[in-house]
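J.: all I have is the shape, not the residue letters:
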């Protein structure tokens, strides 16, 4: 058993993402085919068209580009991830067929900050869960039933998004009101896609950062007010 940290790594992506998005957008208003449009547009023209698409909010063409991640997180957060279904594909390690012997776990920052006896008992809880899980398997209880006692242990997923679904994911999960683990993953993912397709994800992020508005109303974290205050000072 060991503690692990949540992490997301970009393992595959559409290297021609911006070109595909631009071509699809131009095709809607052209008599020419996709191959001709790809050849005729320069890189600068494609990037300019992508920026225009983002400014206008015509995100349907973003669905042609894909990005795949390997994600390590707790089962708590994996249940949040799979709530987003449109434009996303998931493959997750099965607790029914894969035995969780020597499983890894994730400790929430709040429990680490509490420290002392609370943290000690938290770790002991995982240890006791592992021991009982192993005993159940030794008594021929199938893994699909033994898993009922497992806490929020580590899991592995491969998740593939189209660019439009990533925009939606980032707007919700990069927000400071999002649960800490999925927020950390979202910010890792945003950083990585910007490194490989900077123009395409130039306007990705939370609504307060990108649109200058907050959909949370009275539940707002106050970040929008801080952003506006900083802009006024500049």
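T.: Arrived safely. Just so it is clear, the structure is predicted and the values come from calculations on it, not from any experiment. Numbers count the residues shown, from 1 in each chain.

J.: quick check: residue 146 vs residue 130, distance?
T.: Distance, residue 146 to residue 130, using CB to CB, to the nearest Å: 11 Å. For the C-beta atoms, the positions are set from N, CA and C on the backbone; glycine is no exception.

J.: show me which parts of stretch 63-72 are buried, residue by residue.
T.: Across stretch 63-72, burial judged by 16 or more other CB atoms under 10 Å covers 63-69, 71-72.

J.: just give me the neighbour total for residue 122.
T.: 16 (other CB atoms under 10 Å).

J.: gap between it and residue 116?
T.: Computed as CB to CB, the residue 122 to residue 116 distance reads 11 Å.

J.: equivalent analysis for residue 63, please.
T.: Distance from residue 63 to residue 116, by CB to CB: 50 Å.

J.: one more: residue 91?
T.: Distance of residue 91 to residue 116, given as CB to CB: 39 Å.

J.: between these two, who's got more neighbours?
T.: Neighbours per residue, other CB under 10 Å: of residue 91 and residue 116, the larger number sits with residue 91, 11 against 7.

J.: list the residues that contact the residue nearest to the spatial centre of the chain.
T.: For the chain, residue 186 is the residue whose C-alpha lies nearest the centre (CA atoms, centre = their mean; 4.2 Å). Shown in contact with residue 186 (CB atoms under 8 Å, 6 or more residues apart in numbering): 169-170, 173-174, 178.

J.: quick one, what contacts residue 12?
T.: If you count contacts by CB under 8 Å, 6+ apart, residue 12 has them with 66-68, 160.

J.: leaving out the residues flanking it, which one is nearest to residue 130?
T.: Excluding the flanking residues, the one nearest residue 130 by CB to CB, 6 or more residues apart in numbering is residue 1, at 5.8 Å.

J.: helix or strand for residue 165, which one?
T.: helix 163-173 (DSSP states H and E).

J.: low pLDDT regions in the protein?
T.: Within the chain, the stretches with pLDDT under 70 are 29-34, 37, 226-234.

J.: counting contacts, what elements does the longest helix along the chain pack onto?
T.: The longest helix of the chain (DSSP state H) is helix 116-138. Counting contacts by 3 or more CB pairs under 8 Å, 6 or more residues apart in numbering; DSSP states H and E, helix 116-138 is packed against helix 109-114, helix 143-146.

J.: repeat that with 6 Å
T.: Secondary-structure packing of helix 116-138 (3 or more CB pairs under 6 Å, 6 or more residues apart in numbering; DSSP states H and E): helix 143-146.

J.: list the helices and strands the helix it packs on packs on?
T.: helix 116-138.

J.: can you give the contact residues for the helix it packs on?
T.: With CB atoms under 6 Å, 6 or more residues apart in numbering as the test, helix 116-138 has contacts from 1, 105, 111, 146, 149, 151.

J.: hmm, which two among the residues you listed are most spread apart?
T.: 111 and 146 (24.8 Å; CB to CB).

J.: compare these two (neighbour count), which wins?
T.: Using other CB under 10 Å as the criterion, residue 111 and residue 146 rank with residue 146 on top: 19 against 13.

J.: start and end of stretch 84-91, how far apart?
T.: When the termini of stretch 84-91 are compared using CA to CA, to the nearest Å, they are 14 Å apart.

J.: before we move on, what about stretch 73-86?
T.: 21 Å.

J.: give me the buried stretch members for it, please.
T.: 73-78, 80-81, 84.

J.: count the neighbours of residue 177 for me.
T.: 14.

J.: my bad, should have said residue 121
T.: 11.

J.: next structured bit after the helix or strand residue 18 falls within?
T.: Using DSSP H and E, residue 18 maps to helix 17-27. With elements assigned by DSSP H and E, the helix or strand that comes after helix 17-27 is helix 34-40.
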